[in-house]
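> need a structure here:
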Amino acid sequence: MTILIGYVPTPAGEAALDLALAEAVVRDTDVVIVNSPRHGSTVDPHLVGEQDDEALLTRARQAGVTAVVDHAEHTADLADTFEDLVQQTGADLIVIGLRKRSAVGKLIMGSDAQRILLQSSVPVLAAKATR
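Predicted coordinates for the structure are as follows:
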């Protein structure tokens, strides 16, 4: 069993990481921390670097969880990227963070989180940032 974590360095991403690590301890399983750059994007404030990768892995180790960080590139369809990773890793759970968005924002921009929730072949656990 593996848990996929959708991670970006935001309060919602931190909430997803914390929840997924706690869930991994309960399930006695490993995690894949997914920080997925958009295909062709060279500058993205949500991407984590090698130093950040090591900090994430240290947090997982401190929780008693085996982890890897995956920087799988995605196109416009992040839900498909997660589904591909489910197939590749044999994951049985996805954990994502949610942030508040207006109805107009969701209508115009869409919602990767909503598409992951609706299209995933495995259960999805959503974490909400507390700050």
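> need the contact partners of whichever strand or helix holds residue 82.
Element membership of residue 82 [criterion: DSSP states H and E] is helix 78-89. With contact meaning Cβ atoms under 8 Å, 6 or more residues apart in numbering, helix 78-89 is reached by 2, 4, 6, 32, 34, 36, 70, 72-75, 91, 94, 112, 115-116, 119-122. Any C-beta I mention is one placed from the backbone N, CA and C, and that applies to glycine too.
> in its sheet, which strands sit next to the next helix or strand after that helix, and in what direction?
Taking DSSP H and E as the definition, the helix or strand that follows helix 78-89 towards the C-terminus is strand 93-98. For strand 93-98, the paired strands and their directions (DSSP bridges) are strand 2-6 (parallel), strand 124-128 (parallel).
> quick one on the thing from earlier: tell me the buried residues in the helix holding residue 82?
Within helix 78-89, the residues that qualify as buried by neighbour count (16 or more other Cβ atoms under 10 Å) are 78-79, 81-83, 85-86, 89.
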